[in-house]
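Asker: model the following, please.
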Amino acid sequence: MSHVEVGHLTYVLPDGRPLLDDVSFRVGEGVKAALVGPNGAGKTTLVRLIAGDLQPIEGTVASSGGLGVMRQFIGSIRDGRTVHDLLLSVAPPRVREAADRLAAAELTMMERDDEKTQLRYAQAITDYTDAGGYDIEVLWDTCTVAALGVPYDGVKYREVNTLSGGEQKRLVLEALLRGPDQVLLLDEPDNYLDVPGKLWLEQVLRETPKTVLMVSHDRQLLANAVDRIVTVESGNVWIHGGGFAGYAEARKERNERLEELRRRWDEEHAKLKRLVIMLKQKASYNDGMAPAYHAAQTRLRRFEDAGPPEVPPRDQLISMRLRGGRTGKRAIVCEELELTGLMRPFDLEIWYGERVAVLGSNGSGKSHFLRLLGGEPIRHTGLAKLGARVVPGHFAQTHARPELVGRTPCEIVMSEHARLRNEAMKALSRYELAGDVGDQRFETLSGGQQARLQILLLELSGATLLLLDEPTDNLDLASAEALQEGLDAFDGTVVAVTHDRWFAADFDRFLIFGADGRVYEAAEPVWDEGRVVRQR
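Answerer: The predicted model follows:
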């Protein structure tokens, strides 16, 4: 049996702000449930509480069948960890602990080779064997072949930062889905995956008997692979027992019921207060009314102690004012352009005002192409130049912005765009980043909040060419819709790398980076081995 259950969970952020209040829900055996809600509502924090990374102020978490966890920023690892380290990080705790002891014993053996050290090393090998370490390495071999096309021994010491984000994700997903843990917590498992990868994920989620609780904003993935929706809003959680198809209507009906209950509570509250005031006046000149007055006071006190019903969550009001500006007719010109080792030479002209979606499999060079256009020193031959008055603005897929670490959104906007504090907060408020969020450090923001801040910085930069690398990956549904509206009004050129099937449907040109190194245009999105997938 496998399940996960959260009981009366309360969590307060380190700065004292309440985030989750008396949250309770259960995901039963074999259920595929999605955690959805606004960016910053606490979805990732809830995953970390269930995983044991954080401790709640109150409440309990229980699970059975073993717990496998994919954390949010898998796919953006840029440190010196190896493939072995990555796979070990999602292995069962007993394997991880035995592997740590074995690694420590091996280091000691390198320093001294006495009998005591040899015995300790032999015991560490035995412990690793007993924990299932060598058995799981056989499993990892299957995973690396499936995800990377190479046996485990051929890539175990390869640095993870040499893998694309999609390859990192696929490798961890393979390990978790094939591993022994029967409950999986997946935080944004679809991010960085190309569309064939997402189709694979949809299929394996439908087929696996494991219990899955995942955070995702990909509407098509939710529609195809999820049978429960757990919504985190305003510190509370509610569950839609059906699939994603009926979720929007269920949320609307729920909010309408909450509004009606609150209206009735307010009316009854006002009625009781009027009654108390009236009886108090009568009791002031008629002692016989005193019992009725005290009874009314008691009734009002009990009514207020019980508290009002839940307040309906406020809808997000995000306004992205991407302005741009007129440029030369040719925004981008590429002649015999080849990114070394990634693609064959190709020619390309992109005209002012066009919306070009760059599609293709992971590792085909799409992100490098955007970085080259943004002015980074990417190895290439041939020509890639921007037209007159074209000012590029780059949205980075990984949100790896070391220059922003340690600074708050308000400080960033003030320092980089010469804004006064009240002007900075006004701009941040349009992106739902004002108030307490405006004074949080960049690295403590949710992935979606970081993404919205990046888009705001593009807006304030005056860019006339937007180079967007997977901009919707971490955005909640309301933010993604706001971005699309902002792009519709943008007076400039947009080139976007995306695996978001819904987002790509509004572009008018499709540049395909083929797995064979060929770069070509298609009239409609091409996602998988030359097969055209028609949307909406």
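
Asker: what is the rounded mean pLDDT of the strand or helix carrying residue 141?
Answerer: Assigned by DSSP states H and E, residue 141 falls within helix 133-148. Per-region confidence: helix 133-148 scores 94 on mean pLDDT.

Asker: what packs against that helix?
Answerer: helix 83-89, helix 93-111, helix 152-155, helix 165-178 (3 or more Cβ pairs under 8 Å, 6 or more residues apart in numbering; DSSP states H and E). (Glycine included, C-beta is placed from N, CA and C.)

Asker: can you redo those helices as CSV with mean pLDDT, mean neighbour count and distance to residue 282?
Answerer: Output for the helices and strands packed on helix 133-148, formatted as CSV (pLDDT from 0 to 100; neighbours: other Cβ atoms under 10 Å; distance: least, Cβ to Cβ, whole Å):
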stretch, mean pLDDT, mean neighbour count, distance to residue 282
helix 83-89, 93, 20, 72
helix 93-111, 90, 15, 69
helix 152-155, 94, 17, 85
helix 165-178, 92, 23, 70
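
Asker: reformat those helices as JSON lines; add distance to residue 220.
Answerer: Listed next are the helices and strands packed on helix 133-148 as JSON lines, based on distance: least, Cβ to Cβ, whole Å:
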{"stretch": "helix 83-89", "distance to residue 220": "27"}
{"stretch": "helix 93-111", "distance to residue 220": "34"}
{"stretch": "helix 152-155", "distance to residue 220": "31"}
{"stretch": "helix 165-178", "distance to residue 220": "17"}
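
Asker: tell me how this protein divides into domains.
Answerer: Listed domain ranges for the chain are 1-80+165-234, 82-158, 249-306, 330-402+457-532 (source: automatic domain parsing).

Asker: could you export the ones you listed as TSV, including distance to residue 243?
Answerer: Formatted as TSV, the domains of the chain follow (distance: least, Cβ to Cβ, whole Å):
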stretch	distance to residue 243
domain 1-80+165-234	6
domain 82-158	28
domain 249-306	10
domain 330-402+457-532	16
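
Asker: what's the closest of these to residue 318?
Answerer: domain 330-402+457-532 (3.9 Å; Cβ to Cβ).

Asker: before we move on, which element is the spatially most central residue of the chain in?
Answerer: Nearest to the geometric centre of the chain sits residue 474, at 4.0 Å (Cα atoms, centre = their mean). Using DSSP H and E, residue 474 is not contained in any helix or strand.

Asker: ok, it - contacts?
Answerer: Neighbouring residues of residue 474 by Cβ atoms under 8 Å, 6 or more residues apart in numbering: 39, 188, 191, 217, 399, 446-448, 450-451.

Asker: now, which of those sits nearest residue 259?
Answerer: residue 39 (23.9 Å).

Asker: isn't that closest one right up against residue 437?
Answerer: No. Taking contacts as Cβ atoms under 8 Å, residue 39 lies outside contact range of residue 437: 9.6 Å.

Asker: shared neighbours of those two, anything?
Answerer: residue 449.

Asker: who are the packing partners of the helix or strand encompassing residue 248?
Answerer: Per DSSP H and E, residue 248 falls inside helix 247-283. Where contact means 3+ Cβ pairs under 8 Å, 6+ apart, helix 247-283 is packed against strand 236-240, helix 290-306.

Asker: measure the residue nearest to residue 513 when sequence neighbours are not counted to residue 373 for me?
Answerer: The shortest distance from residue 513 to any non-neighbouring residue, by Cβ to Cβ, 6 or more residues apart in numbering, is to residue 360 (3.2 Å). With distances taken as Cβ to Cβ, to the nearest Å, residue 360 is found 16 Å from residue 373.

Asker: just residue 445 next, same as before
Answerer: With Cβ to Cβ as the criterion, residue 445 and residue 373 are 27 Å apart.

Asker: from the rest of the structure, what touches stretch 9-21?
Answerer: Counting by Cβ under 8 Å, 6+ apart, 22-24, 42, 45-46, 49, 54, 56-61, 232, 235-237, 436, 440 sit against stretch 9-21.

Asker: how does it look with 7 Å?
Answerer: Residues external to stretch 9-21 that are found in contact with it (Cβ atoms under 7 Å, 6 or more residues apart in numbering): 22-23, 42, 45-46, 49, 56-59, 61, 235-236, 436.

Asker: can you pick out the most distant pair from those?
Answerer: In those, two members sit farther apart than any others by Cβ to Cβ. They are 61 and 436, at 25.9 Å.

Asker: neighbour count for these two, which is higher?
Answerer: residue 61 (17 against 11; other Cβ atoms under 10 Å).

Asker: next one: phi and psi at the nearest residue to the more buried one once chain neighbours are set aside?
Answerer: Of all residues not flanking residue 61 in the chain, residue 50 sits nearest, at 5.2 Å (Cβ to Cβ, 6+ apart). Backbone torsions of residue 50, given as degrees, to the nearest 10, read phi -70, psi -40.

Asker: quick revisit: any idea which of the contacts of stretch 9-21 is least confident?
Answerer: residue 436 (78).

Asker: contact partners for that one?
Answerer: Contacts of residue 436 (Cβ under 7 Å, 6+ apart): residue 17.

Asker: what about this structure, any weak spots by pLDDT?
Answerer: 75, 398-400, 418, 528-536 (pLDDT under 70).

Asker: if we go to 50?
Answerer: 529-536 (pLDDT under 50).

Asker: quick check: angle from the helix holding residue 248 to strand 236-240?
Answerer: Here the directions of helix 247-283 and strand 236-240 differ by 130 degrees (axes from the mean of the first three to the mean of the last three Cα atoms, to 10 degrees).

Asker: buried residues in helix 247-283?
Answerer: 247, 250-251, 254-255, 258, 272, 275-276, 279, 283 (16 or more other Cβ atoms under 10 Å).

Asker: residues in contact with residue 373?
Answerer: Per Cβ under 7 Å, 6+ apart, neighbours of residue 373: 332, 384, 392, 467, 495.

Asker: correct me, but the second one touches residue 337?
Answerer: In other words, residue 384. Yes. In this structure, residue 384 is within contact of residue 337 by Cβ atoms under 7 Å, at 5.1 Å.

Asker: so which of those two has more stuff around it?
Answerer: Ranked by neighbour count (other Cβ under 10 Å), residue 384 and residue 337 place residue 337 first, with 21 against 17.

Asker: other SSEs contacting the helix or strand harbouring the more buried one?
Answerer: For residue 337, the element it lies in under DSSP H and E is strand 330-339. Here strand 330-339 touches strand 346-351, helix 366-373, strand 380-386, going by 3 or more Cβ pairs under 7 Å, 6 or more residues apart in numbering; DSSP states H and E.

Asker: how about a cut-off of 10 Å?
Answerer: Applying 3 or more Cβ pairs under 10 Å, 6 or more residues apart in numbering; DSSP states H and E, one finds that strand 330-339 contacts strand 346-351, helix 366-373, strand 380-386, strand 465-469, strand 493-497, strand 519-522.

Asker: which one, of the ones you listed, ends up nearest to residue 263?
Answerer: Once those are compared by Cβ to Cβ, strand 465-469 is nearest, at 42.8 Å.

Asker: count of residues packed around residue 465?
Answerer: Using other Cβ under 10 Å: residue 465 sits among 24 other residues.

Asker: for it, list the residues it contacts.
Answerer: Contact partners of residue 465, counting by Cβ atoms under 10 Å, 6 or more residues apart in numbering, are 324, 327, 331-332, 350, 352, 373-374, 386-387, 389-394, 492-495.
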